[in-house]
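Chemist: pasting the structure only:
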């Protein structure tokens, strides 16, 4: 504080002498405020002092080379550890992705297998249903064929009632057979034409032979009649045809 006294004395000396009392009082007030600021600064120059009630930060200590190298080694070790953990996490994610891909492929294969099984079951069910319809058609066809008889006899003409009833039943069977054929055609079922064709083991089964005259121009293996009609469904064989084929009689 004693060192700052000459400064204040010099400031007071530099002040103009020919001033009014009011201006002189103002100058003295400014000098007093400046002196107070310097005193506060001198008191807060030591570490741990406070400025306006708040402690001043002590100057940072100097960092030597060994401490810096040690901190860099620790940082490098932590970086290596983080890199290893990241690599392990990446490997786990890769394994998880591979497992997920394998499981997805397995599910896709199982789905395809299930679709094939469903299609196979549906095909078998449709086939059994169509075969049942064909069996019903055979029965109706037998009834219609049985109704095609020769003209009625004299007794039947005398009693026309039963004859008319039988004719009505036969007509009903014929209409039912026609409706059933339309239903089969709607399901893409069509008959196999075999009469007059050469025997085809892929589509026909021989259930009888019929001798043909030696002079007849009918070769062996020609289909003469069909016992049970065969059918296709969507271009595939649904039911094989049972036929009777020709065979020339041997000369004695």
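Modeler: Nice, I can see it. None of these values were measured; they are calculated from a predicted model. Numbers count the residues shown, from 1 in each chain.
Chemist: And the helices in the stretch 101-250 of the chain?
Modeler: 154-158, 160-186 (DSSP state H, counting those that start in this stretch).
Chemist: So for residue 80, which of those helices sits nearest?
Modeler: Counting by CB to CB, residue 80 lies closest to helix 160-186 out of those; the figure is 76.9 Å. No exception for glycine: its C-beta is placed from N, CA and C like everyone else's.
Chemist: and the closest one, how far out from the chain's middle?
Modeler: 51 Å (CA atoms, centre = their mean, to the nearest Å).
Chemist: Show me which positions of it end up buried.
Modeler: Neighbour counts over helix 160-186 (16 or more other CB atoms under 10 Å) mark 170, 173, 174, 177, 180, 181, 184 as buried.
Chemist: Between which two of these is the distance greatest?
Modeler: 170 and 184 (21.0 Å).
Chemist: can I see the domain layout of the chain?
Modeler: 5-47, 191-252 (automatic domain parsing).
Chemist: Can you add pLDDT and distance to residue 111 and give the buried residues of helix 160-186 back as JSON lines?
Modeler: Shown next, in JSON lines, are the buried residues of helix 160-186 (pLDDT from 0 to 100; distance: CB to CB, whole Å):
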{"residue": "170", "pLDDT": "79", "distance to residue 111": "53"}
{"residue": "173", "pLDDT": "85", "distance to residue 111": "48"}
{"residue": "174", "pLDDT": "88", "distance to residue 111": "49"}
{"residue": "177", "pLDDT": "90", "distance to residue 111": "43"}
{"residue": "180", "pLDDT": "92", "distance to residue 111": "38"}
{"residue": "181", "pLDDT": "92", "distance to residue 111": "39"}
{"residue": "184", "pLDDT": "92", "distance to residue 111": "34"}
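Chemist: Could you find the residue nearest the spatial middle of the chain?
Modeler: Closest residue to the average C-alpha location of the chain: residue 108 at 8.1 Å, with CA atoms, centre = their mean.
Chemist: That residue and residue 115, how far apart?
Modeler: 11 Å (CB to CB, to the nearest Å).
Chemist: can you check residue 198 too?
Modeler: 41 Å.
Chemist: Quick one: low-confidence residue ranges for the chain.
Modeler: Scanning the chain for pLDDT under 70 picks out 1-20, 23, 27, 37-38, 41-63, 149-163, 213-216, 249-252.
Chemist: if we go to 50?
Modeler: 1-4, 7-8, 11, 14-19, 47-51, 56, 252 (pLDDT under 50).
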